[in-house]
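[1] what's the 3D shape of this:
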Amino acid sequence: MIFITAKFRIRPEDADQWPEISAEFTAATRAEPGCLWFDWSRSLADPTEYVLVEAFRDGDAGGARE
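    This next block holds a predicted model:
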């Protein structure tokens with residue numbers, strides 16, 4: 001399993017709309033073969049910070065085509 005976490009700072013004017021802004025990218029990544037999860041969380045301390053947590057079956061998962 002490949003497990004990835006990343007912190008993102010979003011421009012303050014876009015922070016509330018980030019789920020909608022990233023929706024197409026999020027859906028496309030979740031649809032990739034071998035994607036186990038791809039989830040965003042918003043910081044309670046800093047509303048401009050989002051954390052992305054994603055996992056793939058293995059190193060070949062993202063490049064696989066069904």
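[2] Report the residue spans of this structure with pLDDT below the cut-off.
    Scanning the chain with the threshold set as pLDDT under 70 gives 62-66.
[3] ranges for the helices of it?
    In the chain, the helices defined using DSSP state H lie at 18-21, 23-30.
[4] mind checking which of these is nearest Ser43?
    Closest to Ser43 of the helices of the chain, according to C-beta to C-beta: helix 18-21, at 11.5 Å. (Glycine included, C-beta is placed from N, CA and C.)
[5] Just the residues contacting the closest one, thanks.
    Here helix 18-21 makes contact (C-beta atoms under 8 Å, 6 or more residues apart in numbering) with 10, 14, 40, 42, 50.
[6] Try it again at 6 Å.
    Residues outside helix 18-21 that contact it (C-beta atoms under 6 Å, 6 or more residues apart in numbering) are 10, 50.
[7] List the buried residues for it?
    Neighbour counts over helix 18-21 (16 or more other C-beta atoms under 10 Å) mark Trp18 as buried.
[8] show me what contacts Ser41?
    Val51.
[9] The same query, at a cut-off of 7 Å, please.
    Neighbouring residues of Ser41 by C-beta atoms under 7 Å, 6 or more residues apart in numbering: 50-51, 53.
[10] Leaving out chain neighbours, which residue sits closest to Met1?
    Nearest non-adjacent residue to Met1, counting by C-beta to C-beta, 6 or more residues apart in numbering: Ala55, 5.9 Å away.
[11] Hmm, Phe8 and Val53 touching each other?
    No - contact between Val53 and Phe8 fails when scored by C-beta atoms under 7 Å: they sit 11.7 Å apart.
[12] The helices of the chain: which one's closest to Asp46?
    Of all these, helix 18-21 sits nearest to Asp46, with 12.7 Å by C-beta to C-beta.
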